[in-house]
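> curious how this folds, go ahead:
(one chain, ligands or ions: 2)
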Amino acid sequence: MRCAVISRKIDLRSYYGKALAQIADRIESVDHPVTEGADAVRIALAWHPHPDAFERYPNLKAVCTIGAGADNVLACPSLPSHVHVVRVVDPGQAQMMAGFVSWHVIWHQRQFATFMQHQRDRIWQRLEQRPASAVPVGILGYGKIGERVAAHLAGLGFPVKAWSRTPKPMAPGVRGFHDRDGLFAMLAETEVLVNLLPLTPETRNLLNRDVFKAMPPGGYLIQTGRGEQMVEADLLAALESGQLSGASLDVFAIEPLPPSHAFWHHPKIVMTPHDACDISADALTATLIATAAAVQAGEPPPHAVDRQRGY
Ligand code: NDP
Ligand code: OXD
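Numbering: from 1, shown residues only. Ligands and ions are numbered 1, 2, ... in the order given. Purely as a prediction, here's the structure:
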């Protein structure tokens, strides 16, 4: 089966060329824009596709992303309404995210920013330390990744709560919340807020002044969802007033973050370049193979997102 490889942001071949070569006997990958045989393209691998990318492929049936979030493909204006959008579900990625988030929670809990400043200033000073049980964590999103992160943090002894769109059974040690009232009830008892929501119209700009204000003063934000979910000016104001004591940011409304952006040199912000976790090459090839098989059989592919719901 022919697969168009489409991205205007990253070179998918340099990341996944080897993986694509391994499955070349089953899936022939061709770089966008495909000039000859575009009619034969039935699936695509895409990340931040060009706005008109899908116009070229009249027989396209499914598009696979290279991540858990499918928002950038769903937002593509040329994506036909009948095409399935498939995300990668990779337990290894969720585990990597659990390690990443735990590191940042502990960074806040154990006051590492202060220790680093003390080291720069050659100050030998012990700080009063709190046990994990004294640092409540609230997680926005209890899906494939949020669930894993919650279980990991609960295992480390943090009191964990999680917010989802619908009520869900929770793992031991995790308290569940849903709907708007549930969100604010959770925030009132949250010191570290972790965002692991998909980007949808409902979650855009969700991390705003009202949310930060609803947390007890001195809270901490770990932003690992999507940049468009946070109002940047509201974060800066919350850091300035002390409502938030700090933030770890992995995702941004504009990526790469422009060099002039205030976040780069903010003393209360720790940043990473959308690198909290990666999918494995094996997870990607398994997704492509399963998608191709489903398309061949005329069935909906596994892990196709609900296009109505937006995730
Ligand atoms: P899932 O689709 O498995 O889970 C999404 C969760 O968000 C579900 O619990 C869902 O609720 C909840 N949710 C969706 N909309 C709302 C809403 N309006 N109100 C409350 N809860 C809502 O996604 P994953 O766990 O696999 O991934 C989550 C997101 O994490 C990705 O979409 C991406 O944005 C981000 N991500 C970031 C990465 C990074 O490197 N920074 C890497 C990987 C993912 P319900 O359970 O009721 O459906
Ligand atoms: C993802 C991501 O969605 O890397 O997997 O952001």
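> distance of Gly99 from Thr190?
21 Å (C-beta to C-beta, to the nearest Å). For glycine as for every other residue, the C-beta is placed from the backbone atoms N, C-alpha and C.
> out of the two, which sits in the busier spot?
Legend: neighbour count by other C-beta atoms under 10 Å for Gly99 and Thr190, higher for Thr190 (26 against 12).
> can you check the pLDDT for Ala276?
Per-residue confidence at Ala276 stands at 98 (pLDDT).
> wait, I meant Ala294
Looking at Ala294, its pLDDT stands at 98.
> equivalent analysis for the one 4 residues further on, please.
pLDDT for Gly298: 97.
> can you pull the contacts of Thr203?
197, 225-226, 229 (C-beta atoms under 8 Å, 6 or more residues apart in numbering).
> helix, strand or coil for it?
Three-state call for Thr203 (DSSP: H, G, I helix; E, B strand; the rest coil): coil.
> against ligand 1, how distant is it?
5 Å (C-beta to the nearest ligand atom, to the nearest Å).
> for Glu255, same thing?
With C-beta to the nearest ligand atom as the criterion, Glu255 and ligand 1 are 10 Å apart.
> JSON lines for the contacts of Thr203, including neighbour count, pLDDT and secondary structure?
JSON lines is the format used below for the contacts of Thr203 (neighbours: other C-beta atoms under 10 Å; pLDDT from 0 to 100; DSSP: H, G, I helix; E, B strand; the rest coil):
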{"residue": "Leu197", "neighbour count": "26", "pLDDT": "98", "secondary structure": "coil"}
{"residue": "Gly225", "neighbour count": "26", "pLDDT": "98", "secondary structure": "coil"}
{"residue": "Arg226", "neighbour count": "23", "pLDDT": "98", "secondary structure": "coil"}
{"residue": "Gln229", "neighbour count": "22", "pLDDT": "98", "secondary structure": "helix"}
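> just curious, which of those residues is nearest to Ala292?
Arg226 (27.9 Å; C-beta to C-beta).
> residue in the stretch 1-150 of the chain nearest to ligand 1?
When scored by C-beta to the nearest ligand atom, the stretch 1-150 of the chain has Gly143 as its residue closest to ligand 1, at 1.7 Å.
> how about the residues of this protein near ligand 1?
67-69, 97, 141-146, 163-166, 168, 196-200, 202-203, 224-226, 250-251, 274, 276-277, 311 (C-beta under 6 Å from any ligand atom).
> pull out the buried members of these.
Those of the residues of the chain next to ligand 1 that meet the buried threshold are 67-69, 97, 141-146, 163-165, 196-200, 203, 224-226, 250-251, 276-277, 311, by 16 or more other C-beta atoms under 10 Å.
> tally of neighbours for Cys3?
Neighbours of Cys3 (other C-beta under 10 Å): 26.
> right, I'll call it a day here.
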